[in-house]
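> Got a sequence here, can you build the structure:
(one chain, ligands or ions: 1)
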Amino acid sequence: MRNRWIFTIILTIILSIQTPVTQTQIQPSIDLQGYTWDHTNITILIVPQNQHSWWNPSYLNATIHAINMWNNAILNFSSSYDSQFFYLSQIRMVYSISQTFEHGFDIYITWQEEHTDKNTIGTSQPLIQLPCVIINNTIILGTKTKTYVLNEVDMQNVVLHELGHALGLGHSNYANDIMYPKYSPKGNVTALSTLDLYGVAVVFEWLSRYPQMPNICPSKTSLVLPSYIRYEYLPIAYDDLPPQTSPSYKTAINFILDIFNSLYAILLLVILLVLLAIIIKKLQTNETTLKMIS
Ligand SMILES: [Zn+2]
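Numbering: from 1, shown residues only. Purely as a prediction, here's the structure:
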């Protein structure tokens, strides 16, 4: 019966408004929680909070974009490095949206106006069956702290971080990595790194070695990248960027309007100059006429 024990642990991300500390000469590493899923099609139920005045509809877009980013990054990483991580291509997160909680999903995502834990903007709480299988995971996101309201970009970054926990990752020691435990508002979406993806590859290593034995636990350890993998960021699909950070149609239209406005101003100036030239010419003609009469 020991193996049937179930317990939970909460991992959090803290909002930090201070200027981020610059880190030089550190080797990026990431912790693993020591848990894994026993299947690869991971279902997510998103429960938006439309009924509340504090709800910002862009938080739903942010969440969907974050899920897509993880799916794309996993697929991208699985086909790199001589296909030794090809087993990762089996992993896919599939989301549904509902106004109410429903049983049977792997990951639940919902929001509170302000997170119950002070200064915390997101928590990830897995339910674990010993020795290490994740039964489900509940992600709770705050929309503000006492001094700051999260925008779409912030929310996308926080969801990316919490989904990393839901996939079995712990925190990174590297301030520029999405799995760093403190979040400072940045103004742009943070791409997932090769370190994050390598961490997921180790969490799901049972897929390549013991596909019938998902209870083979990943070590609860701190990982660094092997020498053949450089720390770098995976590409973000254009469609997964929030509108304010991508060259949107609105920006393109504004650009064209600016050109038309400039052309219009030049045309007005030309007309004024022509009119002025005509008036001067007319005055000169009148003067000549008067001289001839006298
Ligand atoms: Zn965290």
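> Assign whichever residue of the chain sits closest to the ion to helix, strand or coil.
Using C-beta to the ion, Ile13 is the residue of the chain that sits closest to the ion, at 4.2 Å. All C-beta atoms are positioned from the backbone trio N, CA, C, and that covers glycine. Per DSSP: H, G, I helix; E, B strand; the rest coil, the secondary structure class of Ile13 is strand.
> residue ranges for the strands of the stretch 51-200 of the chain, please.
92-97, 107-114, 120-129, 133-144, 169-172, 182-183 (DSSP state E, counting those that start in this stretch).
> Point out the most buried one among the ones you listed.
With neighbours taken as mean count of other C-beta atoms under 10 Å, these reach their highest mean count in strand 169-172, at a mean of 23.
> tell me the mean pLDDT for it?
Taken as a whole, strand 169-172 has an average pLDDT of 97.
> Parallel or antiparallel, list what pairs with it.
strand 29-32 (antiparallel) (DSSP bridges).
> Quick one: name whatever helix or strand follows the strand it pairs with.
strand 41-47 (DSSP states H and E).
> and that following strand, what does it pack onto?
In this structure, strand 41-47 packs against helix 58-78, strand 92-97, strand 107-114, with contacts taken as 3 or more C-beta pairs under 8 Å, 6 or more residues apart in numbering; DSSP states H and E.
> Could you give the number of residues near Asn72?
17 (other C-beta atoms under 10 Å).
> Likewise for Leu268?
Leu268 - counted by other C-beta under 10 Å - has 10 other residues nearby.
> per-residue confidence at it?
For Leu268, the pLDDT comes out at 76.
> Need the three-state assignment for it.
helix.
> Check the spacing between it and Trp70 real quick.
53 Å (C-beta to C-beta, to the nearest Å).
> How about Ile42?
Distance of Ile42 to Trp70, computed by C-beta to C-beta: 10 Å.
> circling back: can you tell which of the helices and strands packed on strand 41-47 is closest to Leu163?
helix 58-78 (5.4 Å; C-beta to C-beta).
> which parts of the closest one are buried?
Neighbour-count burial for helix 58-78, counted by 16 or more other C-beta atoms under 10 Å, picks out 58-74, 76-78.
> Equivalent analysis for stretch 145-155, please.
145, 150-155.
> And it, end to end?
13 Å (C-alpha to C-alpha, to the nearest Å).
> Need the residues that contact stretch 78-85.
For stretch 78-85, contacts defined as C-beta atoms under 8 Å, 6 or more residues apart in numbering pick out 77, 86-89, 197, 201, 228-229.
> what's the spacing between it and its chain's center?
24 Å (C-alpha atoms, centre = their mean, to the nearest Å).
> what's the span of it, first residue to last?
End to end - C-alpha to C-alpha - stretch 78-85 spans 5 Å.
> For the nearest residue to Pro185 once chain neighbours are set aside, list the residues it contacts.
Sequence neighbours aside, Asp154 is the residue nearest to Pro185 in space, at 5.5 Å (criterion: C-beta to C-beta, 6 or more residues apart in numbering). Listed by C-beta under 8 Å, 6+ apart, the contact partners of Asp154 are 121, 183, 185-186.
> For Asp177, see how far away Asp154 is.
16 Å.
> go on, Leu127?
Taking C-beta to C-beta, one finds Leu127 at 26 Å from Asp177.
> now swap in Pro57 and tell me
Using C-beta to C-beta, we find Pro57 at a distance of 29 Å from Asp177.
> More neighbours: which of these two?
Higher neighbour count among Pro57 and Asp177: Asp177, with 22 against 10, using other C-beta under 10 Å.
> And the pLDDT for the more buried one?
So Asp177 comes in at 97 (pLDDT).
> quick one: contacts for the closest residue in space to it that isn't next to it in sequence?
Counting by C-beta to C-beta, 6+ apart, Asp177 lies nearest to Ser193, which is 5.5 Å off, once chain neighbours are set aside. Contact analysis of Ser193 by C-beta under 8 Å, 6+ apart lists 28, 177-178, 231-234.
> Ser193 bridge partners, please.
Counting by DSSP bridges, Ser193 forms beta bridges with Tyr233.
> Can you get me a residue count around the closest residue to Thr110 other than its chain neighbours?
The shortest distance from Thr110 to any residue other than its chain neighbours is 4.2 Å, reached at Val47 (C-beta to C-beta, 6+ apart). Using other C-beta under 10 Å, Val47 has 17 neighbouring residues.
> helix, strand or coil for Lys282?
Following three-state DSSP, Lys282 is assigned to helix.
> nearest residue to Val149 other than its sequence neighbours?
Thr143 (6.6 Å).
> I'd assumed Val158 was in contact with that neighbour.
No. Under the criterion of C-beta atoms under 8 Å, Thr143 is not in contact with Val158, lying 9.8 Å apart.
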